[in-house]
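>>> Sequence first, then the predicted structure, then my questions.
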Amino acid sequence: KKPIRTILQSMSLVDDADPDQPADVRRQVMALPPNYVHSLDSSHMLMTASACRRAGIAFAAVHDSYWSHACDVDAMNAILRNQFVDLHRPNLLQRLRDEWLERYACCRGEGAACAEYDPGPDSAYKQCAQPGCKRVRWDAPAVRLPMPARGELDIGVVRDSTYFFA
């Protein structure tokens, strides 16, 4: 760590290239939900911008504020809602979990039963000890929990709701 002081703040610069510097698992876990939601918001914006372009509608945005010419607001409103429904109709949380389990699970598929399993001293997410394997063992109790059941909301109702996007 290298401390840096400016007129406005003090902070520490960490060299990410240092292989001996451990990842801060707690901070990574805490960053996941807001970053995931932000990725959904940005996906929605990209889908909306693309659909507006295909429809010949001028589209501009800053963060989560979208606008167009006044004569196109009603059409953009419909596109905005349709793209939201298209994005959120699939079970995105289940898809994310399935992709992570496939991508980051034990490459032998054996989990804690793997002969190369190395639990380490305090880690809930354990690094594989198999030479060349950089995958994580998903043995934490939270990972084994079943996905929550989806509710009964028909996401298509946003197409007809009075208030949708602010």
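Okay, I see it.
>>> rest of the way, CA atoms for contacts and neighbours
OK.
>>> shaky segments in the chain?
Judged by pLDDT under 70, the chain has its weakly predicted residues at 15-23, 101-145, 166.
>>> what about the helices in it?
Under the criterion DSSP state H, the chain carries helices at the ranges 25-54, 73-88, 92-104, 141-144.
>>> Roughly how far does the residue nearest to Arg5 when sequence neighbours are not counted sit from Met30?
Across the structure, with C-alpha to C-alpha, 6 or more residues apart in numbering as the measure, the residue nearest Arg5 apart from its sequence neighbours is Met11 (6.5 Å). With distances taken as C-alpha to C-alpha, to the nearest Å, Met11 is found 20 Å from Met30.
>>> Can you add mean neighbour count and distance to Ser65 and give the helices of the chain back as TSV?
Listed next are the helices of the chain as TSV, based on neighbours: other C-alpha atoms under 10 Å; distance: least, C-alpha to C-alpha, whole Å:
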stretch	mean neighbour count	distance to Ser65
helix 25-54	14	9
helix 73-88	18	12
helix 92-104	13	23
helix 141-144	10	35
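>>> So for Arg159, which of the ones you listed sits nearest?
With C-alpha to C-alpha as the criterion, Arg159 lies closest to helix 73-88 of these, at 5.4 Å.
>>> circling back: could you dump the helices of the chain into TSV with distance to Ala61 added?
Listed next are those as TSV, based on distance: least, C-alpha to C-alpha, whole Å:
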stretch	distance to Ala61
helix 25-54	8
helix 73-88	12
helix 92-104	24
helix 141-144	37
